[in-house]
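Engineer: Below are the sequence and a predicted model; questions follow.
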Amino acid sequence: MGIVERIKEIEAEMARTQKNKATEYHLGQLKAKIAKLRTQLLEPPKGSSGAGEGFEVTKFGHGRVALIGFPSVGKSTLLTMLTGTRSEAASYEFTTLTCIPGIIHYNDTKIQLLDLPGIIEGASEGKGRGRQVIAVSKSSDIVLMVLDASKSEGHRQILTKELEAVGLRLNKRPPQIYFKKKKTGGISFNSTMQLTHVDEKLCYQILHEYKIHNAEILFREDATVDDLIDVIEGNRKYMKCIYVYNKIDVIGIDDVDKLARQPNSVVISCNLKLNFDRLLAKMWEAMGLVRVYTKPQGQQPDFSDPVVLSADRGGCTVEDFCNHIHRSLVKDVKYVLVWGTSARHYPQHCGLSHVLNDEDVVQIVKKKETEGEGRGRFKSHSNAPARISDRQKKAPLKT
Ligand SMILES: Nc1nc2c(ncn2[C@@H]2O[C@H](COP(=O)(O)OP(=O)(O)OP(=O)(O)O)[C@@H](O)[C@H]2O)c(=O)[nH]1
Ligand SMILES: [K+]
Ligand SMILES: [Mg+2]
């Protein structure tokens, strides 16, 4: 029997089993069995890199965004409109068969947008090009789930389920469970609060299913069995997702209003070029990119050429900033001067661990430079970057 059939069989058994106190241990064990099989299913075939032909697109720019959705919701039309790269669009399903990259220029950064084939129910089990699409989604920083505003709301649930089945967790944070495998000592089970979904016996049983007999486990929240399995599997990817309802030109205003009020959602129309600004702003916010402008000593910063950092990718400290410029820079840095929202006063003298905010300006003072040079020059406020107060008070100025 193949892996997919075994998953189906266990799912059927779960559906047959009544949910009550007596069956909860058995159901927990079945959940763990399915999770293990799904992980097995995702392992790339031996000798392949995983993505597959037509899907191995090189990363480019400061971030990567994947377009995921059912066929013919308008993913390719959207890619063409936002990036200028043409991706064929047509009224028939599965027009797009590979991964088509484009670049969005936004806030002086470059963001790679990926058009992908439509996915359908069963994608996680390998239907259509589901497996490849999912592999590419996992490599991106955020997902835009494109939905047809005129179609059933159920589509969003089906897609979310497909993505969950392969370990993607959308708009969720990792469960607050500490878990560490040990060599000896048995299982130590603790919690900082009353647990209502999991007890010690259930936890042991799930760990047993994974053949784990020595481990430390601490629940810091009232987590579920699914959360526990996620932590044990350890391969889950937590990503932000924006629900993009396209084709609002074909539905009534009341329905548009309802969709627009949902969390993490944007309503657009490619046909009418409607609301792209809002979509881009939401995308920018979800990516959490931090632009830092380098100020050479005695000169104004170049506001068109930021160093782009991200908390999810590498971090946003002064040290991360220095490493971005040059790997060997950190050892020469004495301190840095910071202007911007992360600074308490302008300029603030900061060390390597200081966390930078979007649009901060940084000047590096190296160890070699004499005290007099480093300080004297920047004591006077007239040396502060001229535009900084404007930039901090108002919305980002375009350069
Ligand atoms: N009414 C309306 N139609 C749209 C809109 N955006 C795209 N379409 C149409 O929807 C159809 C499908 O568009 P595509 O861009 O090919 O959709 P896709 O999601 O890339 O489709 P696949 O690649 O097949 O998965 C085309 O006929 C588009 O012209 C829109 O905003 N409103
Ligand atoms: K299409
Ligand atoms: Mg397409």
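Structural biologist: That came in fine, so what should we check first? Ligands and ions are numbered 1, 2, ... in the order given.
Engineer: The helix or strand hosting residue 320 - contacts with which helices or strands?
Structural biologist: According to DSSP states H and E, residue 320 maps onto helix 318-325. Contact analysis of helix 318-325 by 3 or more CB pairs under 8 Å, 6 or more residues apart in numbering; DSSP states H and E lists strand 307-310, strand 333-339, strand 360-366 as its packing neighbours. C-beta coordinates here come from the backbone N, C-alpha and C atoms, glycine included.
Engineer: So for ligand 2, which of the ones you listed sits nearest?
Structural biologist: strand 307-310 (32.4 Å; CB to the ion).
Engineer: And that closest one, how far out from the chain middle?
Structural biologist: Strand 307-310 sits 15 Å away from the centroid of its parent chain (CA atoms, centre = their mean, to the nearest Å).
Engineer: try stretch 169-182
Structural biologist: For stretch 169-182, the distance to the chain centre is 15 Å (CA atoms, centre = their mean).
Engineer: For it, output the C-alpha coordinates as CSV.
Structural biologist: The C-alpha coordinates for stretch 169-182 follow below in CSV (Å, rounded to 0.1, in the frame of the first residue of the first chain):
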residue,chain,number,x,y,z
ARG,A,169,1.2,27.3,9.2
LEU,A,170,-0.4,30.5,7.9
ASN,A,171,-0.7,33.5,10.2
LYS,A,172,0.1,31.5,13.3
ARG,A,173,2.9,31.6,15.7
PRO,A,174,4.8,28.5,16.9
PRO,A,175,3.2,26.7,19.9
GLN,A,176,4.7,27.7,23.2
ILE,A,177,6.0,24.2,24.0
TYR,A,178,9.6,23.6,25.0
PHE,A,179,10.8,20.2,23.7
LYS,A,180,14.2,18.7,23.9
LYS,A,181,15.3,15.1,23.1
LYS,A,182,17.7,13.5,25.6
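Engineer: So which bits of it are buried?
Structural biologist: For stretch 169-182, a neighbour-count test (16 or more other CB atoms under 10 Å) marks 169-171, 175, 177, 179 as buried.
Engineer: quick one: least confident helix or strand in the chain?
Structural biologist: Sorting the helices and strands of the chain by mean pLDDT, DSSP states H and E puts helix 371-379 at the bottom, at a mean of 46.
Engineer: Show me the domain layout of the protein.
Structural biologist: As assigned by the TED database, the chain contains the domains 3-42+175-233, 63-172+237-285, 289-366.
Engineer: hey, where'd the helices end up in the protein?
Structural biologist: Counting by DSSP state H, residue ranges of the helices within the chain are 3-16, 24-42, 75-83, 130-138, 154-165, 200-209, 225-233, 253-260, 276-287, 318-325, 371-379, 388-393.
Engineer: Thank you, goodbye.
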